[in-house]
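J.: need coordinates for the below:
(one chain, ligands or ions: 1)
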Amino acid sequence: MIKPRKTVKNFAPYIAGRPIEEIKRIYKLKKVIKLASNENPYPPPKSVQDAIKNYAGAVNRYPDSNGWQLKKAIAKNFGVKISNVFLGNGTDEIIEILAKAFLEKTDEIIVSKHAFIRYKMAADLMDAKTKTIPMTPHQDTGGGFTHDLKKMALSATKKTKFIFIANPNNPTGTYNTNSEIKEMFEILKKKKLNPVVVFDEAYHDFVEAKDYSSAINYFKKGMKNICVLRTFSKIFALAGLRLGFAIGDEKIFEILERIRPPFNTTLLSQKAGICAIREKNYIKIIKKRILSEKKKLLKKLEISGFEVIPSQTNLLLVNVKNGRSVFKKLLERGVIVRAMDEYELPQYIRVTIGTPHENRIFLRELLHLKKMKNEE
Ligand SMILES: Cc1ncc(COP(=O)(O)O)c(C=O)c1O
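T.: The predicted structure follows:
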């Protein structure tokens, strides 16, 4: 038998949200709703769907490996140069390419506890070390669910190649303020350290907080060692196509371009992305709908006695005491959410904000389980 690399031998696969068809098959259910992967529950706008249809007959050809037109559209949208844009088969791929391009065994990355798990997985793949810093209580949450940027900066050393910050974070839904980010950069400057700070802004378009701002602004003000990740999988409603991008220093991207797989973004995703980035009105409408549903769901959950972490995203982290058990029971009743054991949050489930109908079903089923438990 061929042997995997030592590191890979002990690797556990990423646990993805369970697909609807699989749950229908296993539990013999006719109707299943998925609120497990923080997708937009609505279809992409018509212009995007038309672009996909229009280019369906052209997929006999490879796409532009460099994705020039899409990079140009993204660069124009953010007011940066085309060379400041890097494309990936989802943000996930960009995280992995960053690790493959820069991390040696002796290097380390800094992440927050309960942060999106793919950063650590990427470092693990390269045998690099991950320093995990506990979260801090936040004035709003009081629950210790925010990246502690001060401690993350203080713990940086010469070996630190990347600091990963999910802002806002999945699975907690929490965010870091502008002043926390400034303080982090000041500490790094005092320490004369220059790691690349990767801001993962997958949920940027759902943020309402006034003291939040995108790290793209820091980059545009001239800060070099910044890489900002964005995705088309969330508000842009293109999760099924797999498309993400990064904005940052061309010197970093020039290296990433050398090692990325050729044609890593498809013809259909490039064409869809070009249309999607222009759909400002669609984004506005979806944001309004999701935020309004989030408020309603949050209120109902709190009235029903659940602790919910305040979220700047399209997900809610809900304390149900035994997350794995509730996750399983909801699955049996046709509602897919996520258990949070791998994030060391075993009391919680993570639920994505869906359509009003989906949210009603989720709440009905959760309350049913609560009632059953109370009657036991
Ligand atoms: C914080 C964060 N970053 C990145 C991703 C991956 O996104 P993509 O679909 O672009 O690979 C996710 C997906 O859930 C996420 O939550």
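
J.: contacts and neighbour counts: CA atoms only from here.
T.: OK.

J.: contacting residues around residue 27?
T.: Residues counted as contacts of residue 27 (Cα atoms under 8 Å, 6 or more residues apart in numbering) are residue 332.

J.: quick one: pLDDT of it?
T.: The pLDDT attached to residue 27 in the predicted structure is 91.

J.: next one: it from the ligand, what distance?
T.: According to Cα to the nearest ligand atom, to the nearest Å, residue 27 stands 25 Å off from the ligand.

J.: so that it lines up with my notes, have the first residue be 56 from now on.
T.: Sure, I'll start numbering at 56, so the last one becomes residue 82.

J.: separation between that residue and residue 422?
T.: When Cα to Cα, to the nearest Å is the yardstick, residue 82 and residue 422 sit 21 Å from each other.

J.: one more: residue 170?
T.: Summarising the geometry, the distance separating residue 170 from residue 422, computed by Cα to Cα, is 28 Å.

J.: excluding covalently adjacent residues, which one is nearest to residue 391?
T.: Nearest-residue entry for residue 391: residue 89, 4.7 Å, with adjacent residues in sequence omitted and distances by Cα to Cα, 6 or more residues apart in numbering.

J.: the one you found: neighbour count?
T.: 25 (other Cα atoms under 10 Å).

J.: that one contacts residue 392, doesn't it?
T.: Yes - at 6.7 Å, residue 89 counts as touching residue 392 under the criterion of Cα atoms under 8 Å.

J.: return the residues of the stretch 156-305 of the chain in contact with the ligand.
T.: On the criterion Cα under 6 Å from any ligand atom, the ligand has as its neighbours in the stretch 156-305 of the chain the residues 171, 221, 224, 225, 255, 257, 286, 288, 294, 297, 298, 299.

J.: follow-up on the earlier one: and residue 170 and residue 422? Which one has more around it.
T.: Under the neighbour definition other Cα under 10 Å, residue 170 and residue 422 were set side by side, and residue 170 has more, 27 against 14.

J.: and that one, what does it touch?
T.: Residues in contact with residue 170, defined by Cα under 8 Å, 6+ apart, are 202, 220, 221, 224, 225, 226, 227, 398.

J.: how much space separates the second one from residue 236?
T.: Meaning residue 220. When Cα to Cα is applied, the distance between residue 220 and residue 236 equals 10 Å.

J.: more neighbours: which of these two?
T.: Under the criterion of other Cα under 10 Å, the comparison of residue 220 against residue 236 puts residue 220 first, with 26 against 18.

J.: tell me the SS of the more buried one?
T.: On the three-state scheme (DSSP: H, G, I helix; E, B strand; the rest coil), residue 220 is labelled strand.

J.: which strands or helices does the longest helix seen in the chain pack on?
T.: Across the chain, the helix with the greatest residue count (assigned by DSSP state H) is helix 335-358. Helix 335-358 sits against strand 362-363, helix 411-430, with contacts defined as 3 or more Cα pairs under 8 Å, 6 or more residues apart in numbering; DSSP states H and E.

J.: so which bits of it are buried?
T.: Across helix 335-358, burial judged by 16 or more other Cα atoms under 10 Å covers 337, 338, 341, 342, 345, 346, 348, 349, 352, 353, 356.

J.: report the buried members of the residues of the stretch 156-305 of the chain next to the ligand.
T.: Neighbour-count burial within those applies to 171, 221, 224, 225, 255, 257, 286, 288, 294, 297, 298, 299; the criterion is 16+ other Cα under 10 Å.

J.: residue contacts, the last one?
T.: The one in question is residue 299. The neighbours of residue 299, taking Cα under 8 Å, 6+ apart as the test, are 142, 143, 144, 145, 146, 147, 149, 284, 285, 286, 287, 288.

J.: and the nearest residue to residue 202 once chain neighbours are set aside, how many neighbours?
T.: Counting by Cα to Cα, 6+ apart, residue 190 is the residue found nearest to residue 202 once chain neighbours are left out, at 5.0 Å. By the criterion of other Cα under 10 Å, residue 190 has 20 neighbours.

J.: do you know the pLDDT at residue 190?
T.: The per-residue pLDDT reported for residue 190 equals 94.

J.: ok, it - contacts?
T.: Residues near residue 190 by Cα under 8 Å, 6+ apart: 167, 168, 169, 199, 200, 201, 202, 203.

J.: need those residues in TSV with pLDDT, can you?
T.: What follows is the contacts of residue 190, written out as TSV (pLDDT from 0 to 100):
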residue	pLDDT
167	97
168	96
169	96
199	70
200	90
201	93
202	96
203	96
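
J.: ok, now which ones touch the nearest residue to residue 91 once chain neighbours are set aside?
T.: With Cα to Cα, 6+ apart as the criterion, residue 91 has its nearest non-adjacent residue at 4.3 Å, and that residue is residue 392. Contacts here follow Cα under 8 Å, 6+ apart; on that basis residue 392 touches 72, 89, 90, 91, 382, 385, 386, 404, 405, 406, 407.

J.: are any of those residues buried, and which?
T.: The neighbour-count criterion (16+ other Cα under 10 Å) marks 89, 90, 91, 382, 385, 386, 404, 405, 406, 407 among those as buried.

J.: out of those residues, which sit inside strands?
T.: Within those, membership in strands is found for 89, 404, 405, 406, 407, as judged by DSSP state E.

J.: now for those: which two are most distant?
T.: When Cα to Cα is used, the two most widely separated members of these are 89 and 404, lying 13.3 Å apart.

J.: on that earlier part again, mind putting the contacts of residue 392 in JSON lines, distance to residue 250 and pLDDT included?
T.: Converted to JSON lines, these look like this (distance: Cα to Cα, whole Å; pLDDT from 0 to 100):
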{"residue": "72", "distance to residue 250": "32", "pLDDT": "83"}
{"residue": "89", "distance to residue 250": "38", "pLDDT": "96"}
{"residue": "90", "distance to residue 250": "36", "pLDDT": "97"}
{"residue": "91", "distance to residue 250": "33", "pLDDT": "96"}
{"residue": "382", "distance to residue 250": "38", "pLDDT": "97"}
{"residue": "385", "distance to residue 250": "43", "pLDDT": "97"}
{"residue": "386", "distance to residue 250": "42", "pLDDT": "95"}
{"residue": "404", "distance to residue 250": "33", "pLDDT": "98"}
{"residue": "405", "distance to residue 250": "31", "pLDDT": "98"}
{"residue": "406", "distance to residue 250": "34", "pLDDT": "98"}
{"residue": "407", "distance to residue 250": "33", "pLDDT": "98"}
